[in-house]
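Peer 1: Below are the sequence and a predicted model for it; my questions follow.
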Amino acid sequence: MQHSEKKSMLCPSCRKLINRDEPYCPYCGLSKPGSVWKKTTPSNLLRSPYDMIKIIIYVNVAFYVFALLLNPMALGLSANPLAFLSPSNNSLLLLGATGTIPIDKLHWWWTLLSASYLHGGLLHIVFNMLALKQLGPFVLREYGVNRFFVIYTVTGIAGFYLSYLAGVTLTIGASASICGLIGATLYYGKSRGDIYGQAIYKQVMGWVVGLALFGFMIPGINNWGHGGGIVSGILLGFLMGYNEKHRENQLHRVLATICILLTAGVLSWAVLQSIYYSLT
């Protein structure tokens, strides 16, 4: 006796169980959800959308450890907690720190993306990853995994580009991208309105005030990157919308795929380049 072919699947957009032969997803309206090319985009290969946050954290940690191993003799063991276990500037430069030095002198424009995955010390990466872990799930839930990664990637680039225009010589960190998530959340809260939206807006505005105070009190903070991330996050939230207004569509999936492939290519290049220059 032959078994009939399995007809059920998870919708690539909303992740709800549907029949693979449906012309449209009954929940989110995605056209031809059973198409192979829609199911195999990188963002749809995740077991859960929240795995995206874990992957970003793992990549950040891996690059932090790799930066330490590139030049272990130059580890920052200062009593200053903000500089404890800091990679050398040379290691960070080779791995894709951005700013006027790598862009103007070396023409490494790709560092506008890679810098979001580098950190200058143990507390630096711990604080940023805790912020991502706290804020990321909300943006994932309200915007979807594809728009989440587009926001995370593009706002990091935008924040670092603004800081480059402002003359910041060398800068790194995930905070520009995290500020992009903050901006998207600000837009969500203000746009949604009602009691829930206003509560979200007021809570996140507290983050913005805290970031501003921290940035002006502590030297070396890239306030331009933070500001650029927030503003571009608000803009992307407005342009792409969130789930309650607009479901993720094919354009969002294409943009997310481009961001994923571009990030993978840039980070791979950064690793190969740093190994090459370290050995020569």
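Peer 2: Noted; the coordinates are in hand. These figures come from a predicted structure and were not determined experimentally. Residues are numbered from 1 along each chain as shown.

Peer 1: Does the helix or strand where V254 lies pack against any helices or strands, and if so which?
Peer 2: In this assignment (DSSP states H and E), V254 forms part of helix 250-279. Packing contacts for helix 250-279, counted by 3 or more CB pairs under 8 Å, 6 or more residues apart in numbering; DSSP states H and E, involve helix 51-70, helix 89-95, helix 111-114, helix 145-165. Yep, even glycine has a C-beta here, placed from its N, CA and C like the rest.

Peer 1: Next, format those as TSV and append mean neighbour count, mean pLDDT and distance to Y242.
Peer 2: Below are the helices and strands packed on helix 250-279 laid out as TSV (neighbours: other CB atoms under 10 Å; pLDDT from 0 to 100; distance: least, CB to CB, whole Å):
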stretch	mean neighbour count	mean pLDDT	distance to Y242
helix 51-70	17	95	16
helix 89-95	21	93	34
helix 111-114	24	98	24
helix 145-165	25	97	8
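
Peer 1: got those as TSV, with distance to C25 columns?
Peer 2: Output for these, formatted as TSV (distance: least, CB to CB, whole Å):
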stretch	distance to C25
helix 51-70	20
helix 89-95	41
helix 111-114	32
helix 145-165	15
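
Peer 1: quick one, which of these is nearest to R20?
Peer 2: Among the helices and strands packed on helix 250-279, the nearest to R20 by CB to CB is helix 145-165 (20.3 Å).

Peer 1: Just the CA trace of the helix or strand following that closest one, in CSV.
Peer 2: As assigned by DSSP H and E, the chain's next helix or strand after helix 145-165 is helix 175-192. Included here for helix 175-192 are C-alpha records, laid out as CSV according to Å, rounded to 0.1, in the frame of the first residue of the first chain:
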residue,chain,number,x,y,z
SER,A,175,25.1,49.2,19.0
ALA,A,176,24.3,51.0,15.7
SER,A,177,22.2,48.0,14.6
ILE,A,178,20.7,47.7,18.0
CYS,A,179,19.8,51.4,17.9
GLY,A,180,18.1,50.6,14.6
LEU,A,181,15.9,48.1,16.4
ILE,A,182,15.2,50.7,18.9
GLY,A,183,14.1,53.1,16.1
ALA,A,184,11.9,50.5,14.6
THR,A,185,10.3,49.9,17.9
LEU,A,186,9.8,53.6,18.5
TYR,A,187,8.0,53.8,15.2
TYR,A,188,5.8,50.8,16.0
GLY,A,189,4.8,52.3,19.4
LYS,A,190,4.0,55.7,18.0
SER,A,191,2.2,54.4,14.9
ARG,A,192,0.1,51.8,16.7
